[in-house]
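Enquirer: just a sequence and a predicted model for now, questions to come.
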Amino acid sequence: MMAALLDEVAAAWSNARYPVVFTGAGMSTESGLPDFRSARGLWKQRPESLATMAALRRDPGEFYFFYQWRIARLWEAAPNAGHAALAALASAGFVRRLITQNVDGLHQRAGGEAVELHGTLRTVSCLGCGAGYDSRQLLPARTGWEEEYRSGRYRPGKECICPGCGGSLRPDVVLFGESLPGDAWDEAARVSRAADLFVVVGSSLAVGPANLCPEFALESGARLVIVNREATHLDGRAEWVFHDKAAGVLAAIRERIIG
């Protein structure tokens, strides 16, 4: 049954005029990066109220540790077979545009390109002068800082201060309460409406307005594929649904399309 469904999707993908891929956190869990929305997600441990500018001002220790922890995991991670499959399909002309909710840059590190709806954790910026830095600037130079947090001794240090002006640094991600980058959102909406095949990979489709992208595609007559370990509210409107890990499904589709 799985093989037959994969054959169907590969045939539809091969014949699509404008295939668009939309990825979420489940795309990167197989690279060792935790998601936030599933039953196993990190938000079960870290409340959403932490990822806000108000939290940075109210409790900078909690805010900075959370992002330092995520940035450290990001730079330890590597693209997985799913990222490689999408990059290969794009290089061969079978992905016209890729939209991602992810902030890890793994699509780019796999050799692909992406419209990043929620910004990136690969860089940080100064709230004072606007200067930008590689996000590893935000990591403590000392060892043992994660243990400091567990024992209640953690305090953010000079790594959280702009070397140029002394202002506070922040990750270049969209925090809760902030709008999506206008250019990225406009591009995502445009290509979603242009798609005749729209492939959702590893997204619960719970976060708006990003979750409108597959709706735009459906309204324009696109055929919908969903690859996600858990059910989404659009499963009933998709022609093909795989409740499975992303990397294996994408690698199998790639093999059928380009070998």
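Expert: All right, it came through fine. Numbering: from 1, shown residues only.

Enquirer: who touches residue 31 in this structure?
Expert: Counting by CB atoms under 8 Å, 6 or more residues apart in numbering, residue 31 makes contact with 77, 78, 79, 80, 83, 104, 106. Placement of C-beta: from N, CA and C, glycine included.

Enquirer: again, 6 Å this time
Expert: When the contact criterion is CB atoms under 6 Å, 6 or more residues apart in numbering, the partners of residue 31 are 77, 80.

Enquirer: ok, now how distant is it from residue 98?
Expert: 16 Å (CB to CB, to the nearest Å).

Enquirer: show me where the stretch 1-150 of the chain has strands.
Expert: For the stretch 1-150 of the chain, strands defined by DSSP state E, counting those that start in this stretch occupy the ranges 19-23, 97-100, 115-116, 119-126, 132-134.

Enquirer: for these, which one sits closest to residue 253?
Expert: Across the strands of the stretch 1-150 of the chain, residue 253 has its closest neighbour in strand 19-23 (10.7 Å, CB to CB).

Enquirer: partners of that closest one in the sheet?
Expert: Sheet partners assigned to strand 19-23 using DSSP bridges are listed as strand 97-100 (parallel), strand 197-201 (parallel).

Enquirer: take those and write them to JSON lines, including mean neighbour count, distance to residue 163 and mean pLDDT.
Expert: Converted to JSON lines, the strands paired with strand 19-23 look like this (neighbours: other CB atoms under 10 Å; distance: least, CB to CB, whole Å; pLDDT from 0 to 100):
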{"stretch": "strand 97-100", "mean neighbour count": "26", "distance to residue 163": "30", "mean pLDDT": "98"}
{"stretch": "strand 197-201", "mean neighbour count": "27", "distance to residue 163": "38", "mean pLDDT": "98"}
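
Enquirer: out of the strands of the stretch 1-150 of the chain, which is the most enclosed?
Expert: Scoring the strands of the stretch 1-150 of the chain by mean neighbour count under mean count of other CB atoms under 10 Å gives strand 19-23 as the most buried, with a mean of 27.

Enquirer: now that one: average pLDDT?
Expert: When pLDDT is averaged along strand 19-23, the result is 98.

Enquirer: find the residue at the geometric middle of this protein.
Expert: Per CA atoms, centre = their mean, the C-alpha nearest to the average position across the chain is that of residue 102, at 1.1 Å.

Enquirer: what about the helices in the stretch 1-150 of the chain?
Expert: Assignment of helices within the stretch 1-150 of the chain using DSSP state H, counting those that start in this stretch yields the ranges 2-15, 53-58, 60-76, 81-91, 106-109, 145-150.

Enquirer: any idea which of those helices is most buried?
Expert: When you average the neighbours per residue for each of the helices of the stretch 1-150 of the chain (mean count of other CB under 10 Å), helix 81-91 leads with a mean of 22.

Enquirer: so what touches that one?
Expert: Judged by CB under 6 Å, 6+ apart, the contacts made with helix 81-91 from elsewhere in the structure are 95, 106, 107, 110, 111, 112, 246, 247, 250, 251, 254.
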